[in-house]
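Student: Need the 3D shape of this:
(2 chains)
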There are 2 protein chains.
Amino acid sequence: MEKVFTVTLQGGKTTDVFFADSIKDLSSKLSSYGLNALWVFDTNTAPLFKNLPPNRIVLESGEKSKNWKSIERIISAALDFHLARDSYFIAFGGGVVCDMTALASSLYMRGTKLILVPTTLLCMVDASVGGKTAIDYAGAKNLIGTFNPAQDVLISSDVLRTLSESEYISGLGEVLKHAILSDNEDLYNFLVNNKDKVLNRDRATVTEMVKLSIAVKNNYIERDPEEKKGIRSALNLGHTFAHALESITHFSGISHGKAVAWGCGRAFEASYELGLIDEAFYKKVSSLFEMYPFDMSYRVGRGEWLDFQEAIGKDKKRMSGNVKFVLIEGFGKPVLKPLDMKLVQRIVIASPRIK
Amino acid sequence: MEKVFTVTLQGGKTTDVFFADSIKDLSSKLSSYGLNALWVFDTNTAPLFKNLPPNRIVLESGEKSKNWKSIERIISAALDFHLARDSYFIAFGGGVVCDMTALASSLYMRGTKLILVPTTLLCMVDASVGGKTAIDYAGAKNLIGTFNPAQDVLISSDVLRTLSESEYISGLGEVLKHAILSDNEDLYNFLVNNKDKVLNRDRATVTEMVKLSIAVKNNYIERDPEEKKGIRSALNLGHTFAHALESITHFSGISHGKAVAWGCGRAFEASYELGLIDEAFYKKVSSLFEMYPFDMSYRVGRGEWLDFQEAIGKDKKRMSGNVKFVLIEGFGKPVLKPLDMKLVQRIVIASPRIK
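Tutor: Below you'll find the model as predicted:
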């Protein structure tokens, strides 16, 4: 496998990000970790293997299993297999499996070695690099977690072939967000010029797109690994809107990436309304999202507004003080600002004032 | 309060260790953290306060409550009080309260600020400085935890006045261990020359003893914060013997510090048997422990040996490979070595071959 990035994160720990040429290439790298390892799959990813390694645990797939019970299952398995602190925990799955394996790895005997093999586009470009681990608690997403960067992240576009269309599009939502957060237009132009290949999951195209996307993320997380300086939080572009939308639809009506894409549209509109960007730039960035299968014209019903507003307030608790929205002043120029709730109401309920 | 140490630990994070002149001095420092805080007590330490702060939780005291249920109680309390990532978690108690508050602090929203106020001698000289957090799981002590150094540790000898004799002596076990691990004889001589004042808990004497003891520990943890280089693990002098003894007595027959003192005696004997130290040095270090109320002549019954041996094997799992015992070659000269089980059996069952 080719080592493409070495990302320096919390406490100077580094994550090496490798890209595989083939499934064989990936398998050969995986076998290099030896037998002193616990493999964590979910019910979606376990069937991808003909011969599962013996030291394994298979978790239920889905957000519902992202809880302490699953962490206990991982830790109990490690105990059963007599694994010590110098063992590897190897996650093979999407964000839920990777976040939980990473958390269990940081907790078991105060820390084992961690390898992540993301199997969804969303996890490749978002959860796998950056060291955030998590479970949900008391209805709050990712409330409990640690910072624990993986030693290696292994990416293979081949594993995306079996991904559902909906999950693939969800991942693209975060990729498009990264295109706006990049301080050059390489990813933006790549997405505009390769739309069909991207949507058809052309191997080389997807690999290049993931590389460009991770490079953007790295630029934020390396400068602010523990999200304390207001830099890493720019990666939440679109997310305050998205989380509120996901909350009022009870996390079942819309995928995370689609919600993020929609939230980015709302952030662009707010940025335009505050005079941070001009009409030409607003249209330029909006058009990228409209090229891809994202419903940017979706509006929250008037009867849903109070729930939406309350859901935004829940984000507030996590930040102590006012909710700050990530807005933009240009490519790679995010700004954090509080927004007047009247403005928020207008841009999530009414049609944009510019067409 | 006087800042006496700044300890550099995991990922360059630092812990400031303060010593209070009086209870008033301690209270004034505590009030400087403001209202954005969760206070964690246990049923032993809560009664020490006339007016408990409103944002508080009181856990059941004792090792039995050192589990995930308690961590959930701390995290739920933080949620109930609408605390954000920038809040303080302030632990007021012994090792169990401090270890659990520190773990909850590292997990809640991926990390809040942490203040530890150790109220036992054992916690002052052992658990509070060094960043180890933990709960027990599946019968394994401290199996689940993180490295999360406190921002501040606040030490006041005044809080030791109400400590039971047995708990105070338990803390002394770790202090005496540190005297041997020090590369000078200051702490050894201090303990020899001030025995009565130490046992009477004379304020200034105890403060000086705690400072000397923490200084020894710092020298090991700063060089190897995550216990990966075989340096920090020297602090386990006496502990492999002690853990096995605690295990066969079901953690109820003997205090931790008394078990550690006994374990140190066994480690000195093994060091002498292997020719690492001479008879004069063996007698010099053993006599310190015999001066204080530690039963160094205690022996494991022949019928208990198999259980004892099995308990040692459980330590093995945590280290992957042979159990390495911490032995000594002189003051501040620990060495890690596997021991022949026949030798271990003889020195825990039979009387020492030197008197």
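Student: Can you name the residues of chain A that neighbour chain B?
Tutor: Applying Cβ under 8 Å from any Cβ of the partner chain, we find that chain A lies next to chain B at A:10-13, A:36, A:68, A:72, A:75-76, A:79, A:82, A:84-87, A:106-111, A:132-134, A:137-138, A:140, A:143-147, A:226-227, A:317-320. C-betas here are computed from N, CA, C, even on glycine.
Student: List buried residues within those residues.
Tutor: Neighbour counting with 16 or more other Cβ atoms under 10 Å in any protein chain shown marks A:10-11, A:13, A:36, A:68, A:75, A:79, A:84-85, A:87, A:106-111, A:132-134, A:137, A:143-147, A:226-227, A:318-319 as buried within the residues of chain A next to chain B.
Student: In helices, which of those appear?
Tutor: By the criterion of DSSP state H, membership of those in helices covers A:W68, A:I75, A:L79, A:S106, A:L107.
Student: A:A311 is in contact with A:H243, correct?
Tutor: Yes: counting by Cβ atoms under 8 Å, a contact exists between A:H243 and A:A311, whose distance comes to 6.8 Å.
Student: and the two? which has more neighbours close in?
Tutor: In terms of neighbours (other Cβ atoms under 10 Å in any protein chain shown), A:H243 is the more surrounded of A:H243 and A:A311; the figures are 22 against 18.
Student: What helix or strand is that one located in?
Tutor: A:H243 belongs to helix A:239-248 when assigned by DSSP states H and E.
Student: quick one: the helix or strand following that helix to helix A:239-248, angle?
Tutor: Per DSSP H and E, helix A:239-248 leads on to helix A:256-273 as the next helix or strand towards the C-terminus. For helix A:256-273 against helix A:239-248, the angle between stretch directions is 130 degrees (axes from the mean of the first three to the mean of the last three Cα atoms, to 10 degrees).
Student: which is the next helix or strand following helix A:256-273?
Tutor: Downstream of helix A:256-273, the next assigned helix or strand under DSSP H and E is helix A:279-291.
Student: name the helices or strands packed onto that next one?
Tutor: Other helices and strands packing on helix A:279-291, by 3 or more Cβ pairs under 8 Å, 6 or more residues apart in numbering or on different chains; DSSP states H and E, are helix A:165-181, helix A:186-193, helix A:256-273.
Student: Centre of the chain to that helix, how far?
Tutor: Taking Cα atoms, centre = their mean, to the nearest Å, the mean C-alpha location of helix A:279-291 is offset from the chain mean by 22 Å.
Student: the inter-axis angle of that helix versus helix A:186-193?
Tutor: Put simply, helix A:279-291 runs at 60 degrees to helix A:186-193, going by the same axes, to 10 degrees.
Student: List the buried residues in helix A:279-291.
Tutor: For helix A:279-291, burial by neighbour count (16+ other Cβ under 10 Å) applies to A:F281, A:Y282, A:K284, A:V285, A:S286, A:L288, A:F289.
Student: all strands in the stretch 1-150 of chain A, in order from the N-terminus.
Tutor: Using DSSP state E, counting those that start in this stretch, the strands of the stretch 1-150 of chain A run over residues A:2-8, A:14-19, A:37-42, A:56-59, A:88-93, A:113-118, A:135-137, A:140-144.
Student: tell me the angle the fifth one makes with strand A:37-42.
Tutor: This points to strand A:88-93. Inter-element angle recorded for strand A:88-93 and strand A:37-42: 20 degrees (by the same axes, to 10 degrees).
Student: Please identify the pairing partners of strand A:88-93 and their relative orientation?
Tutor: Strands that pair with strand A:88-93, judged by DSSP bridges, come out as strand A:37-42 (parallel), strand A:113-118 (parallel).
Student: For A:D16, grab the count of nearby residues.
Tutor: Every residue meeting other Cβ under 10 Å relative to A:D16 is counted, giving 15.
Student: Verify the stated contact: it with A:Q151.
Tutor: Yes: applying Cβ under 8 Å as the test, A:D16 and A:Q151 come out as touching, 7.1 Å apart.
Student: For whichever residue of chain A sits closest to chain B, which non-adjacent residue is spatially closest?
Tutor: Nearest residue of chain A to chain B: A:G11, at 2.1 Å (Cβ to the nearest Cβ). With Cβ to Cβ, 6 or more residues apart in numbering or on different chains as the measure, B:G11 is the residue that lies nearest to A:G11, at 2.1 Å, once sequence neighbours are left out.
Student: now do A:I277
Tutor: Nearest residue to A:I277 in three dimensions, chain neighbours excluded: A:S271, at 4.9 Å (Cβ to Cβ, 6+ apart).
Student: give me the number of residues near that neighbour?
Tutor: Close neighbours of A:S271, defined as other Cβ under 10 Å, add up to 24.
Student: Using CSV, write out the CA atom coordinates for whichever helix or strand A:L343 is part of.
Tutor: Counting by DSSP H and E, the element that carries A:L343 is helix A:341-349. Output of helix A:341-349 as CSV, limited to C-alpha atoms (Å, rounded to 0.1, in the frame of the first residue of the first chain):
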residue,chain,number,x,y,z
MET,A,341,-32.8,33.4,15.1
LYS,A,342,-35.1,35.5,12.8
LEU,A,343,-32.6,35.1,10.0
VAL,A,344,-32.2,31.4,10.7
GLN,A,345,-35.9,31.0,10.6
ARG,A,346,-36.2,32.7,7.3
ILE,A,347,-33.5,30.7,5.6
VAL,A,348,-34.7,27.3,6.7
ILE,A,349,-38.4,28.1,6.0
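Student: how far does it sit from the chain's center?
Tutor: That offset, for helix A:341-349, works out to 26 Å (Cα atoms, centre = their mean).
Student: In the stretch 251-355 of chain A, where is pLDDT below threshold?
Tutor: Per-residue confidence for the stretch 251-355 of chain A (pLDDT under 70) gives these ranges: A:251, A:315-321, A:355.
Student: which element is A:R353 on?
Tutor: Here A:R353 sits in a region with no helix or strand, counting by DSSP H and E.
Student: The closest residue to it other than its chain neighbours: what's it in contact with?
Tutor: Counting by Cβ to Cβ, 6+ apart, A:R353 lies nearest to A:E273, which is 7.6 Å off, once chain neighbours are set aside. Neighbour list for A:E273: A:L343, A:I347, A:R353 [criterion: Cβ atoms under 8 Å, 6 or more residues apart in numbering or on different chains].
Student: most surrounded residue in the residues you listed?
Tutor: Tallying neighbours with other Cβ under 10 Å puts A:I347 at the head of these, with 23 neighbours.
Student: Please verify my assumption that it contacts A:R266.
Tutor: Yes: in this structure, A:I347 is within contact of A:R266 by Cβ under 8 Å, at 5.3 Å.
Student: and for the lowest-mean-pLDDT helix or strand in chain A, what are the contacting residues?
Tutor: Within chain A, confidence by mean pLDDT, DSSP states H and E is lowest for helix A:305-317 among all helices and strands, at a mean of 81. Outside of helix A:305-317, the residues within contact range by Cβ under 8 Å, 6+ apart are A:140, A:240, A:243-245, A:247-248, A:300, A:322-323, A:341, A:344-345, A:348-349, B:82, B:84.
Student: For burial, what's the neighbour tally of the spatially closest residue to A:F5 that is not a sequence neighbour?
Tutor: Counting by Cβ to Cβ, 6+ apart, the nearest residue to A:F5 once its immediate chain neighbours are dropped is A:V17, at 4.1 Å. For A:V17, the tally of surrounding residues (other Cβ under 10 Å) stands at 25.
Student: Quick one: low-confidence residue ranges for chain A.
Tutor: Low-confidence segments of chain A, defined by pLDDT under 70, are located at A:251, A:315-321, A:355.
Student: one more time with 50
Tutor: A:316 (pLDDT under 50).
Student: domains of it?
Tutor: Domain assignment for chain A, taken from automatic domain parsing, gives A:2-161, A:164-355.
Student: Would you mind finding the most buried of these?
Tutor: The densest packing among these, expressed as mean neighbour count by mean count of other Cβ atoms under 10 Å in any protein chain shown, is seen in domain A:2-161 with a mean of 20.
Student: Check the offset of it from the chain's centre.
Tutor: Centroid displacement of domain A:2-161 relative to its chain, using Cα atoms, centre = their mean, is 14 Å.
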